[in-house]
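Student: Fold the following.
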Amino acid sequence: MAKGTIDSYRKAAEQGGVEAQYNLAQMYLRGEGVPRDETEAASWYRKAAEQGHAKAQSSLVWIYANGEGVTRNYAEAIKWYRKAAEQGDAAAQYSLAWMYAHGEGVPENAAEAVKWYRKAAEQGLAVAQY
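Tutor: Have a look, this model is predicted:
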C-alpha cells in the first residue's frame, strides 16, 4: 500500500473519521502498509467502535477474547458483541446466542440464546436451534 494512502487514512482517523479508523486498525492488525502492531490495531478499533461502528465492535470481541494487543478480557468481549448485535450485526447476534447457549463468557441462559438466535435467523444467517 502506498505511503500516501496510509497517511490519508491516518489523517482522517485522527480527525475522527470512523471508516478511516476501522481501516487503519485493519491495516495494523494485518501488517498491510505498516508494521503489524496489535496494540495499535486495538486502539483504532476501539475509537471506531466507540462511535458505533459495528464491524469495529465485532473486531474488538476477537481482540479481547484472544488478548491481541490488550489483556484478555471476556467481559469486554461480551460487551462489544452485545453492542454489535444490538445494531443488527447478524454474525454478532449468532455468536452472542451461542455464548449464552453454552455459557461461554456469560452465564448460560436459554432465553437469551433463543432471543439472539432468532434475531440472527430473521436476517437469514442461521436457523434458530437451541
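
Student: Identify the residues contacting the residue nearest in space to the middle of the chain.
Tutor: Against the mean C-alpha coordinate of the chain, by CA atoms, centre = their mean, the closest residue is Ser58 at 1.6 Å. Neighbouring residues of Ser58 by CB atoms under 8 Å, 6 or more residues apart in numbering: Trp80, Tyr81, Ala84, Asp89, Ala91, Ala92. All C-beta atoms are positioned from the backbone trio N, CA, C, and that covers glycine.

Student: Pretty sure the first one sits against Ala65.
Tutor: No: using CB atoms under 8 Å, Trp80 is not in contact with Ala65; the gap is 9.5 Å.

Student: Do you know the pLDDT at Gln21?
Tutor: On pLDDT, Gln21 comes in at 97.

Student: check contacts around it.
Tutor: Gln21 sits next to Ala13, Trp44, Tyr45, Lys47, Ala48, Gln51, His53, Ala56 when contact means CB under 8 Å, 6+ apart.

Student: one more time with 7 Å
Tutor: Applying CB atoms under 7 Å, 6 or more residues apart in numbering to Gln21 gives the contacts Ala13, Trp44, Lys47, Ala48.

Student: average model confidence for the helix or strand containing Ala92?
Tutor: Element membership for Ala92, per DSSP states H and E: helix 90-102. Helix 90-102 carries an average pLDDT of 91.

Student: can I get the CA coordinates of that helix in PDB?
Tutor: Provided in PDB are the C-alpha atoms of helix 90-102 (Å, rounded to 0.1, in the frame of the first residue of the first chain):
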ATOM      1  CA  ALA A  90     -26.200 -10.900  12.300                       C
ATOM      2  CA  ALA A  91     -22.800 -12.600  12.900                       C
ATOM      3  CA  ALA A  92     -22.500 -11.000  16.300                       C
ATOM      4  CA  GLN A  93     -26.100 -11.900  17.100                       C
ATOM      5  CA  TYR A  94     -25.400 -15.600  16.300                       C
ATOM      6  CA  SER A  95     -22.200 -15.600  18.300                       C
ATOM      7  CA  LEU A  96     -23.800 -14.000  21.300                       C
ATOM      8  CA  ALA A  97     -26.600 -16.600  21.100                       C
ATOM      9  CA  TRP A  98     -24.000 -19.400  21.000                       C
ATOM     10  CA  MET A  99     -22.200 -17.900  24.100                       C
ATOM     11  CA  TYR A 100     -25.500 -17.800  26.000                       C
ATOM     12  CA  ALA A 101     -26.400 -21.300  24.900                       C
ATOM     13  CA  HIS A 102     -23.100 -22.700  26.100                       C
END
